[in-house]
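Asks: task: produce atomic coordinates for the following.
(chains A and B)
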Amino acid sequence: MISIQKVNKNFGKLSALKNVELDLAMGRSYALVGPNGSGKTTLIKSILGLVIPSSGEIIFDNKSIAKDWKYREQIGYMPQIGRYPENMTIGQLIDMMKNIRKNPSEVDDSLIDQFKLYKFYDKRMHTLSGGTRQKVSAALAFLFNPAVLILDEPTAGLDPISVELLKEKILEEKAKGKLLIISSHILSDLDELTTEMVYIYEGKVHYNNSIESLKQETQEKKLGKAIATMIGQKQLIDSINK
Amino acid sequence: MTRVIKYVFYDILRTRFILLYTALLLISTFAMFQIDSDPGKVVMSLLNVVLMVVPLVSIVFTTIHFYNSYEFIELMLAQPINRRVVFLGEYLAVTSSLCMAFAVGIGLPIVIYGPSASALSLIFCGIALTMVFVSMAFLASVLTRDKAKAIGIALLFWFYFSLIYDGFLLWFVYAFADYPLEKITLTLIALNPVDLARVIMLLQLDISALMGYTGAFYKEFFGGSFGIVFSSFVLFLWVAIPCLFALRIFSKKDL
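Replies: This next block holds a predicted model:
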């Protein structure tokens, strides 16, 4: 579905992505893991066309995304920090998002219901707390029933009940055979929600395989421990090579 | 496109600055008509407003507006919308609202007190300058990520075209006074939209006689139909070129 081919991205002297090669297939769910500043968000933004790669190509559904924009109809994106027009109310914002699409055939507003966003419909965005903003972001990502869901730290800042609601929703969409890309630091969440893992470090993809095989390779039962072991092994190999 | 324009319009109206700007222009124009009974002189006084205030307001308002709607732009770009559409939607909404404010603020009193040819060309020049400086503001905004820097660049544009360029032009004409400079100064004037508007207006006001031989030369050039087409075309280029540059930069910008 999404194929990232030799993508490089430099911000001035800093190179955020180095020769990234990734294939993301429909019906699978990917966990995007890596330390802060490793390039996860840059990678996600490149897929969305918000960041233009310095070189390389991204193919979505057999078409290059450079100069294309229609493919974004099939993507639901939940940003890490949701930034919205400050003096719009939630209701206006949601109406606008529906309006801006040419044919919102089926609207999935179950998250709006579950998060009880109706209660805040006439509250302006700048009066909202970080958590409520996050709920709005989540509701908007799922609103148009997209085939691909890209969630950048979806559970950060949400209260425990909302986290559970969101996770249920994600699992529901996963069961429908959608492509999920979730970046998070909460590994127990990823263990529940995803089946594949992509580990990014300093702009390079260091690991790309199923979580099951990672656990088998490292002989750990929990994802967190498995990743720690993997990183330890890698460092060991690196130091031997040096 | 129309949907994007609609939302940007809505946003601009909510800040009420445009309404304030319209009211200010209306009041000052009415006041000038009240003080002076000669419409020619009123147009002359309004010329200063058009040449100084309108570019300044256009360029500063547009730059601030662009940064204030950064979130909106970011949100739109993650949606299935072409980047060009987002940019042009923003551009058209800002330009048309500023032009409307100007047309109502200056145009309404002129229509009430009786329009003349010079008054109509004043409105034309004002609208053209608004569009030129909106384009420049968009260029300044996409050049940097920093709001303060962008406003600085925008103000620099305004200073350059309103003050610095004229100083340079005066020095040039003075230094080379012994040579025939008509064609060269004509070219130099075309390189500054504010000067271009000023010359068009001065020739309309029949005070070109004060400018001696050069004035006669300009009168001959700008008075003819070729001159009108030429100056309109140059003003159009001043609108289009910065806007296209800004569009190019915007379509490759990282957010």
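Asks: tell me the SS of residue A:102?
Replies: Following DSSP: H, G, I helix; E, B strand; the rest coil, we place residue A:102 in the coil state.
Asks: OK, contacts around it?
Replies: Residue A:102 is in contact with no residue at all, counting by Cβ atoms under 8 Å, 6 or more residues apart in numbering or on different chains. Bear in mind the C-beta positions are built from the backbone N, C-alpha and C, glycine included.
Asks: quick one: is the helix or strand hosting residue B:137 near chain A?
Replies: According to DSSP states H and E, residue B:137 maps onto helix B:117-143. No: legend: contact between helix B:117-143 and chain A by Cβ under 8 Å from any Cβ of the partner chain is lacking; minimum distance shown is 13.6 Å.
Asks: for that helix, what is the average pLDDT?
Replies: Regarding helix B:117-143, the rounded mean pLDDT is 93.
Asks: which element follows that helix toward the C-terminus?
Replies: helix B:147-159.
Asks: determine the angle, from 0 to 180 degrees, between the helix or strand just after that next one and helix B:147-159.
Replies: Note on helix B:147-159: by DSSP H and E, the next helix or strand toward the C-terminus is helix B:165-175. Computed with axes from the mean of the first three to the mean of the last three Cα atoms, to 10 degrees, the direction of helix B:165-175 lies at 30 degrees from that of helix B:147-159.
Asks: distance of residue B:99 relative to residue B:220?
Replies: Applying Cβ to Cβ, to the nearest Å, the value for residue B:99 to residue B:220 is 31 Å.
Asks: so which of these two has more stuff around it?
Replies: residue B:99 (18 against 13; other Cβ atoms under 10 Å in any protein chain shown).
Asks: mind telling me what element that one is part of?
Replies: helix B:83-102.
Asks: quick one: contacts of that helix?
Replies: By Cβ under 8 Å, 6+ apart, the list of residues contacting helix B:83-102 reads A:69, B:1, B:4-5, B:8-9, B:12-13, B:18-19, B:21-22, B:25, B:54, B:57-58, B:61-62, B:65-66, B:69, B:73, B:76-77, B:123, B:126-127, B:130-131, B:134-135, B:138, B:243, B:246-247, B:250-251.
Asks: in strands, which of those appear?
Replies: Among those, DSSP state E puts none in strands.
Asks: buried sites along stretch A:230-241?
Replies: residue A:230 (16 or more other Cβ atoms under 10 Å in any protein chain shown).
Asks: over to stretch B:141-156?
Replies: Quick answer for stretch B:141-156 (16+ other Cβ under 10 Å): B:141-143, B:150-151, B:153-154.
Asks: what about residue A:189, distance to residue A:66?
Replies: From residue A:189 to residue A:66 the distance is 33 Å (Cβ to Cβ).
Asks: neighbour-wise, which of the two wins?
Replies: residue A:189 (21 against 11).
Asks: wait, doesn't residue B:106 sit right on residue B:46?
Replies: Yes: using Cβ atoms under 8 Å, residue B:106 makes contact with residue B:46 at a distance of 6.5 Å.
Asks: just checking, what packs against the lengthiest helix in chain A?
Replies: Criterion DSSP state H: the longest helix present in chain A is helix A:223-241. Where contact means 3 or more Cβ pairs under 8 Å, 6 or more residues apart in numbering or on different chains; DSSP states H and E, helix A:223-241 is packed against helix A:187-193, strand A:196-201, helix A:211-218.
Asks: hmm, 10 Å instead?
Replies: Where contact means 3 or more Cβ pairs under 10 Å, 6 or more residues apart in numbering or on different chains; DSSP states H and E, helix A:223-241 is packed against strand A:29-33, helix A:187-193, strand A:196-201, strand A:204-210, helix A:211-218.
Asks: quick one: residues contacting the residue nearest the centre of chain A.
Replies: Central residue check for chain A by Cα atoms, centre = their mean: the C-alpha nearest the mean position is that of residue A:151, 2.8 Å away. Applying Cβ atoms under 10 Å, 6 or more residues apart in numbering or on different chains to residue A:151 gives the contacts A:32, A:44, A:76-80, A:137-138, A:141-142, A:166, A:170, A:180-184, A:193.
Asks: likewise residue A:29?
Replies: A:149, A:170-171, A:173-174, A:178-182, A:190, A:193-196, A:211.
Asks: distance of it from residue B:52?
Replies: 60 Å.
Asks: for the helix holding residue B:137, which helices and strands make contact with it?
Replies: With contacts taken as 3+ Cβ pairs under 10 Å, 6+ apart, helix B:117-143 sits against helix B:39-48, helix B:54-68, helix B:83-102, helix B:108-112, helix B:147-159, helix B:193-204, helix B:225-251.
Asks: now the fifth one: how far from the chain's centre is it?
Replies: Read it as helix B:147-159. Helix B:147-159 sits 15 Å away from the centroid of its parent chain (Cα atoms, centre = their mean, to the nearest Å).
Asks: tell me the mean pLDDT for that helix?
Replies: For helix B:147-159, the mean confidence score works out to 95.
Asks: ditto for the third one
Replies: Helix B:83-102 shows a mean pLDDT of 94.
Asks: and that helix, C-alpha only, in PDB?
Replies: The C-alpha trace of helix B:83-102 is given here as PDB (Å, rounded to 0.1, in the frame of the first residue of the first chain):
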ATOM      1  CA  ARG B  83      -1.400  22.900  -1.800                       C
ATOM      2  CA  ARG B  84      -1.900  25.400  -4.600                       C
ATOM      3  CA  VAL B  85      -5.600  25.500  -3.800                       C
ATOM      4  CA  VAL B  86      -4.900  26.300  -0.100                       C
ATOM      5  CA  PHE B  87      -2.400  29.000  -1.000                       C
ATOM      6  CA  LEU B  88      -4.500  30.600  -3.800                       C
ATOM      7  CA  GLY B  89      -7.600  30.400  -1.500                       C
ATOM      8  CA  GLU B  90      -5.700  32.300   1.200                       C
ATOM      9  CA  TYR B  91      -4.400  34.700  -1.300                       C
ATOM     10  CA  LEU B  92      -7.700  35.500  -3.000                       C
ATOM     11  CA  ALA B  93      -9.600  35.800   0.200                       C
ATOM     12  CA  VAL B  94      -7.100  38.200   1.700                       C
ATOM     13  CA  THR B  95      -6.700  40.300  -1.500                       C
ATOM     14  CA  SER B  96     -10.400  40.500  -2.100                       C
ATOM     15  CA  SER B  97     -11.200  41.500   1.400                       C
ATOM     16  CA  LEU B  98      -8.600  44.300   1.500                       C
ATOM     17  CA  CYS B  99      -9.600  45.500  -2.000                       C
ATOM     18  CA  MET B 100     -13.200  45.500  -0.900                       C
ATOM     19  CA  ALA B 101     -12.400  47.500   2.200                       C
ATOM     20  CA  PHE B 102     -10.500  50.000   0.000                       C
END
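Asks: quick one, it and helix B:225-251 angle?
Replies: Going by the same axes, to 10 degrees, helix B:83-102 makes 130 degrees with helix B:225-251.
Asks: in helix B:83-102, what's buried?
Replies: Buried, per 16+ other Cβ under 10 Å, within helix B:83-102: B:83, B:85-99, B:101-102.
Asks: repeat for the longest one
Replies: Judged by neighbour count using 16+ other Cβ under 10 Å, the buried positions of helix B:225-251 are B:227, B:230-231, B:234-235, B:238-239, B:242-243, B:245-247, B:250.
Asks: pretty sure residue A:141 contacts residue A:178?
Replies: No: with contact defined as Cβ atoms under 10 Å, residue A:141 does not count as touching residue A:178 (11.7 Å).
Asks: the two: who's more crowded?
Replies: residue A:141 (25 against 21).
Asks: so how far is residue A:121 from the residue nearest to the centre of chain A?
Replies: For residue A:151, the distance to residue A:121 - Cβ to Cβ - is 24 Å.
Asks: likewise residue A:155?
Replies: Applying Cβ to Cβ, one obtains 24 Å for the distance of residue A:155 from residue A:121.
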